Each structure stands twice: as C-alpha cells, then as structure tokens.
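Q: Coordinates for the following, if possible.
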Amino acid sequence: MAQARIGLIGLGTMGAALALNIAEKGFPIAVWNRTTEVTRRFAAEAGSLAPRVIPAGTLEALVAAIARPRTIILMVPAGEAVDAQLDALAPLLEADDLVIDAGNADFHDTNRRDEAGLPFRFLGMGISGGEEGARHGPAIMGGGAAADWDRVAPVMTA
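A: Numbers count the residues shown, from 1 in each chain. Below you'll find the predicted structure:
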C-alpha cells in the first residue's frame, strides 16, 4: 500500500465523512481514533474506498504512515482535546510537518496555539456543512499562513 498523502485524527461523524471524501478524491489517507475499535470499524466499512484508507492502531503508526512532510487533520472536539492532541503529536513530528485543527475552534484558541511556538506548522481550518458537506463538499475556512493552505489545498479542494 502507498504511503498516505494526509492523515486524519478523530473518526466521529465529521471526521469519518471527511476521510471518506478525501479517499474518494483519490488521496490515500491514514486514519486514527483514540478508540481502536472505531478505527478498525471505519476501515472495515470503507467499502470500495478501503484500498485508500490506512488504519493506524497507534498515533506513532499514523505518523509513520504519512509521506513527509506530513499533514495531519485534527477532527476532535474544540478546546482541551485539541491541546492534548497537539501535545501528543509534538514529539512525533518535525518542524516542516503541518497539523490542521479542523474542529471549528474559536479563532482566539487558534491564534493562541499558533503563537505558542509549536514545534511544527499549524493551520486552523473550519469545516462547515455538517456530515453531508464533509462527505461531499464542505465549506472550508482556513486561517494561517498562505503557504500552509497552499500545501493542503490540492487535497481539500479536489
């Protein structure tokens, strides 16, 4: 199996729909959920898209499955869950890797995280349209460096 072009953490309603959208557009995607059974079930139920879905049993396996420089989308609840996930990713990523908070965080939180001097690139990206939008064409609102958006735009706007 090819290395993933992008990774996604959080396979709730929106994360699962977005992961399938990305896979359907032809991009291999590595996925991880803190509940291993959710990751396993998602991969098993991906149907014809399963060959483009790389389920990871650990956060380390997720990071290893993504081509460098890595891009990882966080689809976890806004607030403390995002901070905890960023802390968990910090020792696993490199300076040129990009983490995208797509959980519709308050822009003040996005600014605080960006100004904190994270050891990797960071982009806030709101996704609107609910489950149907995430699956078939979300409205995307990015906030951060234009170069970071340019890096992920081919996947997110395909």
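Q: Enumerate every residue touching Gln3.
A: Gln3 sits next to Pro28, Ala65, Ile66, Ala67 when contact means Cβ atoms under 8 Å, 6 or more residues apart in numbering. Every C-beta, even on glycine, is put in place using the N, C-alpha and C of the backbone.
Q: Can you pull the poorly scored residue ranges out of the protein?
A: Residues of the chain meeting the criterion pLDDT under 70: 1-2, 104, 133.
Q: any chance you could map the helices in the protein?
A: 13-24, 36-44, 59-64, 80-89, 107-115, 130-136, 146-156 (DSSP state H).
Q: returning to that earlier point: of the contacts of Gln3 - the most surrounded one?
A: Per-residue neighbour counts (other Cβ atoms under 10 Å) across these peak at Ile66, which has 23 neighbours.
Q: Okay, that residue and Pro55: tell me how far apart.
A: Distance of Ile66 to Pro55, computed by Cβ to Cβ, to the nearest Å: 13 Å.
Q: likewise Pro91?
A: Per Cβ to Cβ, Pro91 is found 22 Å from Pro55.
Q: Counting neighbours, go ahead and name the busier of these two.
A: Legend: neighbour count by other Cβ under 10 Å for Pro91 and Pro55, higher for Pro55 (22 against 9).
Q: quick one: that one and Glu45 touch, right?
A: No: look at Pro55 against Glu45 with Cβ atoms under 8 Å: they stay out of range, at 11.1 Å.
Q: By residue count, which strand of the chain is the longest?
A: Using DSSP state E to define each element, the chain has its longest strand at strand 121-128.
Q: just to revisit the earlier point, now render the helices of the chain as CSV, adding mean neighbour count and distance to Ile72.
A: Formatted as CSV, the helices of the chain follow (neighbours: other Cβ atoms under 10 Å; distance: least, Cβ to Cβ, whole Å):
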stretch, mean neighbour count, distance to Ile72
helix 13-24, 22, 12
helix 36-44, 15, 14
helix 59-64, 18, 7
helix 80-89, 16, 7
helix 107-115, 14, 14
helix 130-136, 15, 17
helix 146-156, 15, 10
